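Colleague: Quick check, what structure comes out for this input:
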Amino acid sequence: MRTRSIVGSLAAAMLLATCVTGAAKPGPGDTGPSTSPSKPAGVSEEALLRQPVLKELANRIAGVDEAERYRIPGYAGLVLDAEKATLDVYWKGTSPAVVTAILAAPPRGITVRVHSAPFSAAELEAGRQRLVSGQGEQAALETVADWHSVSILPEGAGLSVGFEPRATAAQLASTDTTAVSRDVASKVQAITGVPVQAYVKPKPKDVIRADDHSPWRGGGQLHPEGGGFCTTGFTGWRGGAPVILTAAHCGASGWYSSGMNIPIGSVVASRADRDVSVIGVQNGTVGPYYYDGPWNDPAGYGKHIVGANYNNNGDFVCASGAMSGIRCNLKVYNDNTVFKGPDGVTRGPAILAKRFYPTDIAIATGDSGGPIVASPDGTYGGNMEARGIVSASDGSYVVCPVWGEGTAGITDCFEGVSYIAIRRVLSDFGVVIAT
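Modeller: The predicted structure is shown next:
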């Protein structure tokens, strides 16, 4: 059984910042569900089987790294909806031949629609970079808001900016937050030169299984040399040597050990802007699996990783965390985001996903570095594909499952997750994922 101590749980929980306006933590007496299904709940089998079909169509149109799609001339974005059997494509100008061909002969039962976009992803990326790089009149913006994330809207309509007001809670109580959002949007638009939607949103928080052993796998409990509680991501090979991926904010150097304090190895590469560290395994080897059951599954049930793929708006994905176990209630709502981590470093390319099953959670403190996966064929069987590495929370605190049943210890839980796209990670670090 993968276990952990209450002391470790408290230490992990203390890594989070105090709650922010509009994101109050649930009280200690509040509890949520103790289990989460290993496939999306409330979604029909037909819809789950449609997702791979829609994914392949999306890859035909924009099958490059999520952060590189803006280089496709005229491309603005796309949104797939497996439940409605639709793929909406947004383009500025004339769409290319591949889109025309898909429109002419879509798969049976699938509706493909092409919409005219006011801005291309390239134009919006240029605007975003003006904000991220500190250009323009940022002093006026900083007096009213602490912006922390900026996403390209898939419809090509502009940018979406998440921020926390500089005002105190008491001031906000007597302030129209809609007016604050309009003011922030206006100031950001003056910097970026493109339309902006601004929302009050909690800052992303770092979310720093136990009896893992060689061959190491993803989803296991991980302890960095400096202390803390994180999760192993995907395993693989770098220059022929076995490696494990995890979040860089867990530890960018030094040794890592398992939840049972078995030494694993030390960091051989790390990037703060990707929020990924590569651990060189010096004790044993790695296997092409990740933990898929609840955090305390005595059987240590795992599924096989069969490859890595891109992310698209509308995708169903699962997160596997050492603290919260498997969570398959997540749906991608933005596939092109950069955000400021608690360390102040801008991270990306990030994918944002939120729970769609209202009584479940997305992730918990302790899940940082864990694997994000998806079903390659919609069956949610023994084979799954890699999609990303858990970096931070997205959105508000939510009620946690019963301690000791739904999570491994006392922790904080969140409605959404920010994760780093796996294909870019593998390319940047020269890692071949274990399959």
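
Colleague: And what about the spatially most central residue of the chain, helix, strand or coil?
Modeller: Central residue of the chain (Cα atoms, centre = their mean): Y419, 2.3 Å from the mean position. Following DSSP: H, G, I helix; E, B strand; the rest coil, Y419 is assigned to strand.

Colleague: For it, list the residues it contacts.
Modeller: Neighbour list for Y419: 319, 350-351, 353, 372, 387-391 [criterion: Cβ atoms under 8 Å, 6 or more residues apart in numbering]. C-beta here means a position set from N, CA and C on the backbone, and glycine is covered the same way.

Colleague: bridging residues for it?
Modeller: I351, V390 (DSSP bridges).

Colleague: And G162, by the same measure?
Modeller: S149, Y199.

Colleague: Now do the same contact list for it.
Modeller: With Cβ under 8 Å, 6+ apart, G162 has these contacts: 147-151, 198-201, 339.

Colleague: top of the residues you listed by neighbour count?
Modeller: Using other Cβ atoms under 10 Å as the neighbour test, those are led by V150, with 27 neighbours.

Colleague: Could you measure from that residue over to F119?
Modeller: Counting by Cβ to Cβ, to the nearest Å, the gap from V150 to F119 is 14 Å.

Colleague: could I have the lengthiest helix in the chain exported to PDB, CA atoms only?
Modeller: In the chain, assigned by DSSP state H, the helix with the most residues is helix 45-62. Provided in PDB are the C-alpha atoms of helix 45-62 (Å, rounded to 0.1, in the frame of the first residue of the first chain):
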ATOM      1  CA  GLU A  45     -19.700   5.700 -24.100                       C
ATOM      2  CA  GLU A  46     -20.500   7.100 -27.500                       C
ATOM      3  CA  ALA A  47     -19.000  10.400 -26.700                       C
ATOM      4  CA  LEU A  48     -15.800   8.900 -25.200                       C
ATOM      5  CA  LEU A  49     -15.300   6.800 -28.400                       C
ATOM      6  CA  ARG A  50     -15.800  10.000 -30.500                       C
ATOM      7  CA  GLN A  51     -12.900  11.800 -28.800                       C
ATOM      8  CA  PRO A  52     -10.100   9.900 -30.600                       C
ATOM      9  CA  VAL A  53     -11.800  10.600 -33.900                       C
ATOM     10  CA  LEU A  54     -12.000  14.300 -33.200                       C
ATOM     11  CA  LYS A  55      -8.400  14.200 -31.900                       C
ATOM     12  CA  GLU A  56      -7.200  12.800 -35.200                       C
ATOM     13  CA  LEU A  57      -9.100  15.500 -37.200                       C
ATOM     14  CA  ALA A  58      -7.600  18.200 -34.900                       C
ATOM     15  CA  ASN A  59      -4.100  16.700 -35.400                       C
ATOM     16  CA  ARG A  60      -4.600  16.800 -39.200                       C
ATOM     17  CA  ILE A  61      -5.300  20.500 -39.000                       C
ATOM     18  CA  ALA A  62      -2.900  21.600 -36.200                       C
END
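
Colleague: What's the first helix or strand after that helix?
Modeller: Using DSSP states H and E, the helix or strand that follows helix 45-62 in sequence is strand 75-81.

Colleague: how about T192, phi and psi?
Modeller: phi -90, psi -30 (degrees, to the nearest 10).

Colleague: Quickly find the element holding the spatially closest residue to it that is not a sequence neighbour.
Modeller: Nearest residue to T192 in three dimensions, chain neighbours excluded: G127, at 3.4 Å (Cβ to Cβ, 6 or more residues apart in numbering). Element membership for G127 (DSSP H and E) is helix 121-132.

Colleague: Pull out the buried residues from that helix.
Modeller: In terms of neighbour count (16 or more other Cβ atoms under 10 Å), helix 121-132 has its buried residues at 121-125, 127-128, 130-131.
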